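Participant: Structure for the following, please:
(one chain, ligands or ions: 1)
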Amino acid sequence: MTKARRMMQENVKLVDLILELADARIPVSSRNPDIDELGKGKSRIVLLNKSDLADPLYNRQWTAWLEEAGIHILEVNSKTGAGVKSINALVQKACAEKIERDRKRGIQNRPVRAMVVGIPNVGKSTFINSFAGRACTRTGNKPGVTKGKQWIRLNNKLELLDTPGILWPRFEDRQVGMHLAFIGSINDDILQVEELALDLLDSLRSRYPDAVTERYGITWTEENAAMLEDIAESRKCFLKGQVPDLKKAASILVDDFRNGRLGRITLETPPSAGFRGQVNYNSQEDKQ
Ligand code: G4P
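Facilitator: Have a look, this model is predicted:
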């Protein structure tokens, strides 16, 4: 077992609630379903982060679909803090059973303890900073708490573990791997940027054809390789002898996508109403 996983297991034991960050552009591929097992018996909220980069229509569809599946869900933008304030109310809802159990045992006002988890680059640190803000106090080394753990007291109802849990991305499935690579979750050093750009063009061609043509002032041709050439020409990227620099064009395309310069794009669609098998989001009831 890896050290990260062991640490995660230790930390999960200390909390009541898991705040799981997913990337709103790829809500399925950006999560690791192992958290269902690791977080068994814990309350859970899924946060669709980077919602500012994702298509608002799909943000609404995913939110509706996940709510329907019994999952507590919120769209957030950790960079600006949009949506983050609504979390407190949702925490109370997600932890209603625990709060009621405490009350019956005569325990009152014990804050909910939460931790943030997600794959690398999904925005965990940005989220913690945004959620905790500056007004928080950090408390450490409380009795009963593993030495060295730092808790951020957000208010008298909620404490957050200040180190997030890192989930490893899952990319055995080719499409999942591709989507993770598009958003920059897989180390670019191990990827061929031209191949990545050709795959990205495939996805954009079918889902957001105008995003490419409008950005680069080109029209779709049958071959993606020719599209890369056109992007190179439109951006004046040439090697010696006026040969289009496809690698440069590929980097421009991928960067433009990652930074939202192609517009707000979502690459995964929720299944039609009622379907729950393939998507691998388990509701709270399923877990317990
Ligand atoms: P991690 O802890 O999960 O590894 O992720 P981290 O917070 O470091 O965030 C990774 C990148 O994602 C950062 O960009 C961060 O600014 C960006 N980010 C996080 N949340 C959001 C969001 O809701 N919307 C948008 N648009 N971006 C978000 P970076 O380029 O690595 O750093 P920086 O240039 O922003 O400083």
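Participant: correct me, but His179 touches Glu268?
Facilitator: Yes. At 7.0 Å, His179 and Glu268 qualify as touching, with contact defined as CB atoms under 8 Å. C-beta coordinates here come from the backbone N, C-alpha and C atoms, glycine included.
Participant: got the contact list for the residue of the stretch 101-250 of the chain found nearest the ligand?
Facilitator: Nearest residue of the stretch 101-250 of the chain to the ligand, counting by CB to the nearest ligand atom: Gly123, 3.0 Å away. Gly123 makes contacts with Leu21, Asp23, Asn49, Lys50, Ser78, Lys79, as judged by CB atoms under 8 Å, 6 or more residues apart in numbering.
Participant: Residue ranges in the protein under the pLDDT threshold?
Facilitator: Residue ranges of the chain with pLDDT under 70: 1, 134-148, 273-280, 282-288.
Participant: Would you mind listing what in it touches the ligand?
Facilitator: Counting by CB under 6 Å from any ligand atom, the residues of the chain close to the ligand are 49-50, 52-53, 77-79, 118, 120-126.
Participant: what about burial for those residues, which qualify?
Facilitator: Asn49, Lys50, Asp52, Leu53, Asn77, Ser78, Gly118, Asn121, Val122, Gly123, Lys124, Thr126 (16 or more other CB atoms under 10 Å).
Participant: that older thread, quick one: which of His179 and Glu268 has more around it?
Facilitator: His179 (25 against 20; other CB atoms under 10 Å).
Participant: Please report how far the more buried one lies from Leu200.
Facilitator: Distance, His179 to Leu200, using CB to CB, to the nearest Å: 10 Å.
Participant: ditto for Asp255
Facilitator: Distance, Asp255 to Leu200, by CB to CB: 11 Å.
Participant: Between the two, point out the one with more neighbours.
Facilitator: Comparing Asp255 with Leu200 by other CB under 10 Å, the one with more neighbours is Leu200, at 25 against 13.
Participant: got a list of what Val176 touches?
Facilitator: Contacts for Val176 were tallied using CB under 8 Å, 6+ apart; they are Val28, Ser29, Arg170.
Participant: Skipping its backbone neighbours, what lies nearest the first one in space?
Facilitator: Looking back up the chat, that one is Val28. Glu268 (5.1 Å; CB to CB, 6 or more residues apart in numbering).
Participant: The one you found against Pro27, yeah?
Facilitator: Yes. Between Glu268 and Pro27 there is a contact at 5.9 Å, judged by CB under 8 Å.
Participant: So the residue lying farthest from the centre of the chain, which state does it fall into?
Facilitator: No residue in the chain sits farther from the centre than Gly241, which is 43.1 Å out by CA atoms, centre = their mean. Following DSSP: H, G, I helix; E, B strand; the rest coil, Gly241 is assigned to helix.
Participant: contacting residues around the residue nearest to Val28?
Facilitator: Going by CB under 8 Å, 6+ apart, Glu268 touches Arg25, Ile26, Pro27, Val28, Ser29, Tyr58, His179.
Participant: go on, Ser251?
Facilitator: Applying CB under 8 Å, 6+ apart to Ser251 gives the contacts Val193, Ala197.
Participant: Could you say which helix or strand holds it?
Facilitator: Taking DSSP states H and E as the definition, one finds Ser251 inside helix 246-258.
Participant: Helices along the stretch 101-250 of the chain, start to end?
Facilitator: 124-132, 174-183, 193-207, 209-216, 224-234, 246-258 (DSSP state H, counting those that start in this stretch).
Participant: If you drop the residues flanking it in sequence, what lies closest to Pro56?
Facilitator: With CB to CB, 6+ apart as the criterion, Pro56 has its nearest non-adjacent residue at 6.4 Å, and that residue is Arg264.
Participant: residue contacts, that neighbour?
Facilitator: Contacts of Arg264 (CB under 8 Å, 6+ apart): Asp52, Leu53, Ala54, Asp55, Pro56.
Participant: Tell me which of the residues you listed fall in strands.
Facilitator: Taking DSSP state E, every one of those sits outside strands.
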